[in-house]
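J.: okay, predicted coordinates and the sequence, questions at the end:
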Amino acid sequence: MPSEEAFWNSVTLDWFFSHSGWSFLPFMMMMILVFAAFMVAFVLFLYMISPLISPKPLKLNGAHVVVTGGSSGIGKCIAMECYKQGAFITLVARDEGKLVQAKKAVEKCAINDKQVVLCISVDVSKDYSQVESVLKQAQEKLGPVDMLVNCAGTAVSGKFEELGVQHFQSLMEVNYLGSVYATRAVISNMKERRMGRVVFVCSQAGQLGLFGYTAYSASKFALRGLAEALQMEVKPYNIYVTVSYPPDTDTPALAEENKMKPLETKLISETSGVYQPEQVAKVIVKDAVLCVCCMVQQGNFSSSVGPDGYMLSALTCGMSPVTSITEGLQQIVTMGLFRTIALFYLSSFDSIVRRCMIQREQSKASNKTE
Ligand SMILES: NC(=O)C1=CN([C@@H]2O[C@H](COP(=O)(O)OP(=O)(O)OC[C@H]3O[C@@H](n4cnc5c(N)ncnc54)[C@H](OP(=O)(O)O)[C@@H]3O)[C@@H](O)[C@H]2O)C=CC1
Ligand SMILES: CCCCCCCCCCCCCCCC(=O)[C@@H](N)CO
């Protein structure tokens, strides 16, 4: 039985529509239209004020950009991309031969004759004081660092129990501590100057843990924690952090890694495809620089490549900071849908793992009987 209150409510509404000249349908349609107009106006308003509340863009022309891991793959392409926009570059890596080759490739992208490429041979993962001292020398030569790109890194894949325990340590040292050391060496100066950009080249395997990457994923997840905490500390100093989550990228490291990669890891990674390092580098530089274009703030805390990368970043944004309103709005709108899609992906990954296991057991059994 309807309650007394509901009865009186319906009577009042009926009375309102029959005596006011309003009929119910047009009234509802108008309310929806007014609501939609408010939403559009609100979004437009956010877009208009976004350049005011977002960071000042960094001009790469004349800026000093340090790229660790700059002698090869993604790092080298980032250096080339920045050089094309007039930056001064310091390349950091261990192998001097590769550094010299990379320097030549970067110099070909010059846009003026004042630009300089400096090479520093150092292992970023071992001794903090050494990293600090070489970066100090670089700053004496090319001026204070405007942008640091932490790209030095490596990957090892294999089943958890088959990976040597030393790999868990070495990946943590190179991928995580290497980034801590280089960042620690430049951040005080950036804070004093109240400007700077810090980029961490993470991986899609730093957004989800997947088969074969127990050591690698963990070292990349660590980077994200570092980046989020650091961003909160340095934001008042006009320093902005970007974390890049590339998919498989066609570099010497990927070729090397593929020789030992478990079939499961290969099949799951293939989902988001293989990209060219030039493509990945372009997106990273664009997102890190944070330029304002047509009154709209470009650039993101999370930098992703490709459609799967885009979905993964929206899905895993959690409590990560937002630097542009576009980024925040997209996350709000898409998250539920992307979680639904993700559940299908996850079940397909589980079935890849199960099928590979069955295949292996069958071939083991047939080997025994032979
Ligand atoms: N390729 C891919 O599929 C993906 C790569 N990534 C990440 O991107 C980054 C770059 O990878 P990618 O370009 O493929 O790899 P490359 O092997 O092509 O380049 C790695 C660079 O890092 C340098 N490096 C490695 N270890 C150290 C160290 N201890 N100290 C200083 N420099 C070091 C290397 O030089 P040297 O050996 O001479 O020191 C080289 O310049 C890595 O962090 C990787 O995890 C993320 C997602 C996908
Ligand atoms: C809505 C949800 C979408 C979900 C999409 C899931 C796609 C998962 C693909 C994982 C790819 C991992 C690549 C790692 C690359 C890497 O770091 C190494 N190659 C390093 O050498």
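T.: Alright, I've got the coordinates. Ligands and ions are numbered 1, 2, ... in the order given.

J.: what distance separates the helix or strand where Gln359 lies from the centre of its chain?
T.: Assigned by DSSP states H and E, Gln359 belongs to helix 325-369. How far helix 325-369 lies from its chain's middle: 21 Å, per C-alpha atoms, centre = their mean, to the nearest Å.

J.: what's that helix packed up against?
T.: Counting contacts by 3 or more C-beta pairs under 8 Å, 6 or more residues apart in numbering; DSSP states H and E, helix 325-369 packs against helix 24-53, helix 263-270, strand 296-297, helix 306-315. C-beta: built from backbone N, CA, C; applies to glycine.

J.: that helix near ligand 2 at all?
T.: Yes - judged by C-beta under 6 Å from any ligand atom, helix 325-369 comes into contact with ligand 2 at 338, 341-342, 345.

J.: average pLDDT for that helix?
T.: Across helix 325-369, the average pLDDT comes to 92.

J.: repeat for stretch 207-220
T.: Computed over stretch 207-220, the average pLDDT equals 98.

J.: dump it to PDB, keeping only the CA atoms.
T.: Taking Å, rounded to 0.1, in the frame of the first residue of the first chain, the C-alpha atoms of stretch 207-220 are listed here in PDB:
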ATOM      1  CA  GLN A 207      50.700  -0.200 -14.000                       C
ATOM      2  CA  LEU A 208      49.800  -3.800 -13.900                       C
ATOM      3  CA  GLY A 209      51.800  -6.800 -12.700                       C
ATOM      4  CA  LEU A 210      52.100  -9.500 -15.300                       C
ATOM      5  CA  PHE A 211      53.500 -13.000 -15.800                       C
ATOM      6  CA  GLY A 212      57.300 -13.000 -15.900                       C
ATOM      7  CA  TYR A 213      57.700  -9.500 -14.500                       C
ATOM      8  CA  THR A 214      57.800 -10.200 -10.800                       C
ATOM      9  CA  ALA A 215      61.200  -8.400 -10.500                       C
ATOM     10  CA  TYR A 216      60.700  -5.800 -13.300                       C
ATOM     11  CA  SER A 217      57.100  -4.800 -12.500                       C
ATOM     12  CA  ALA A 218      58.000  -4.300  -8.800                       C
ATOM     13  CA  SER A 219      61.000  -2.000  -9.700                       C
ATOM     14  CA  LYS A 220      58.700   0.100 -12.000                       C
END
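
J.: contacts for it, please.
T.: 155-160, 163, 167-168, 171-172, 174-176, 202-203, 205-206, 221, 224, 245, 261-262, 264-265, 268-269, 312-313, 316, 349, 352-353 (C-beta atoms under 8 Å, 6 or more residues apart in numbering).

J.: these: which ones sit near ligand 1?
T.: Among these, ligand 1 is touched by 155, 174-175, 203 when using C-beta under 6 Å from any ligand atom.

J.: now the closest residue in space to Lys103 that isn't next to it in sequence. Its backbone dihedrals?
T.: Nearest residue to Lys103 in three dimensions, chain neighbours excluded: Val117, at 4.7 Å (C-beta to C-beta, 6 or more residues apart in numbering). For Val117, the backbone dihedrals (degrees, to the nearest 10) come out as phi -120, psi 120.

J.: and if you look at Asp248?
T.: Taking degrees, to the nearest 10 as the convention, Asp248 sits at phi -50, psi 130.
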